[in-house]
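Engineer: Next one to model:
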Amino acid sequence: MPNENLWPEDFGVDAVVTPGTILREQASALGTRTSNLVEGEVSSTTQGDSLVEQFYVYAPILDYRVPLFRVQHKIDPFPLDIYWRQWDGPRRVPDDQGFRHALGEIFQHETTRRTVAQLIANSRQRTLPFRLIEDGEWLADARTFEEAIGKAKKLIRRDGLIEIHDEAELKGIVRDDDGATTVHEVKKAQ
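Structural biologist: Numbering: from 1, shown residues only. Alright, predicted model coming up:
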């Protein structure tokens, strides 16, 4: 008898939205909302038969992260428990909609808003040497010219142009021409 694959063709993975996916979407949304001065980070681990996901707010300029809350669930993502210091104990969430509602409560809470505001203020005080500019608007800062190029490649829009400046002058240009990204160094970075 030949080897026969008895597994199904499709496991339905595309229909599953995990708590980790939702958390990573929100982590990215925080970076977008703050021009990447403060970003969200999610770390995932296991604890016995549970998955544990820790959500941090992170200020890359400061290299400083604050744990905000954690989520714990079995392999089947719902129900799940959210542990946040503002609640007396874990909050059990039955489904995706309840999870999003609870996240909105955490993100909109005054302590979270204050934490993010302080990280933004402290980040703005620490100026990095390279600044990314698109259409006269500031996008982000970087520690090195190479980091600035990497960020520009991630942030550039189709047919866009991002200038990389140091404190005194234009150092480079990252350009997207119909989907092809090129880097032009104007003057060697120090």
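
Engineer: Buried residues, the lowest-mean-pLDDT helix or strand in the chain. List them.
Structural biologist: Least confident helix or strand of the chain, by mean pLDDT, DSSP states H and E, is strand 137-142 with a mean of 82. Judged by neighbour count (16 or more other CB atoms under 10 Å), strand 137-142 contains these buried residues: 139-142. The C-beta positions use only the backbone N, C-alpha and C, and glycine is treated the same way.

Engineer: And that strand, how far out from the chain middle?
Structural biologist: Offset of strand 137-142 from its chain centre (CA atoms, centre = their mean, to the nearest Å): 16 Å.

Engineer: and the helix or strand following that strand, C-alpha only, in CSV?
Structural biologist: Sequence-wise, the next helix or strand downstream of strand 137-142 (DSSP states H and E) is helix 145-155. The C-alpha trace of helix 145-155 is given here as CSV (Å, rounded to 0.1, in the frame of the first residue of the first chain):
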residue,chain,number,x,y,z
PHE,A,145,22.8,56.4,9.0
GLU,A,146,22.3,52.7,8.5
GLU,A,147,19.4,52.6,10.9
ALA,A,148,17.9,55.6,9.1
ILE,A,149,18.1,53.8,5.8
GLY,A,150,16.4,50.7,7.3
LYS,A,151,13.6,52.8,8.8
ALA,A,152,13.1,54.7,5.6
LYS,A,153,12.8,51.4,3.6
LYS,A,154,10.1,50.3,6.0
LEU,A,155,8.2,53.6,6.0
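
Engineer: Would you mind listing the buried residues in helix 145-155?
Structural biologist: Quick answer for helix 145-155 (16+ other CB under 10 Å): 145, 148-149, 151-152, 155.

Engineer: How confident was the prediction at residue 7?
Structural biologist: Looking at residue 7, its pLDDT stands at 89.

Engineer: sec struct for it, please.
Structural biologist: coil (DSSP: H, G, I helix; E, B strand; the rest coil).

Engineer: Please apply the same query to the one 10 residues further on.
Structural biologist: Following three-state DSSP, residue 17 is assigned to coil.

Engineer: Show me how this protein divides into domains.
Structural biologist: 13-125, 130-185 (automatic domain parsing).

Engineer: any chance of the ones you listed in CSV, plus distance to residue 7?
Structural biologist: Listed next are these as CSV, based on distance: least, CB to CB, whole Å:
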stretch, distance to residue 7
domain 13-125, 13
domain 130-185, 37
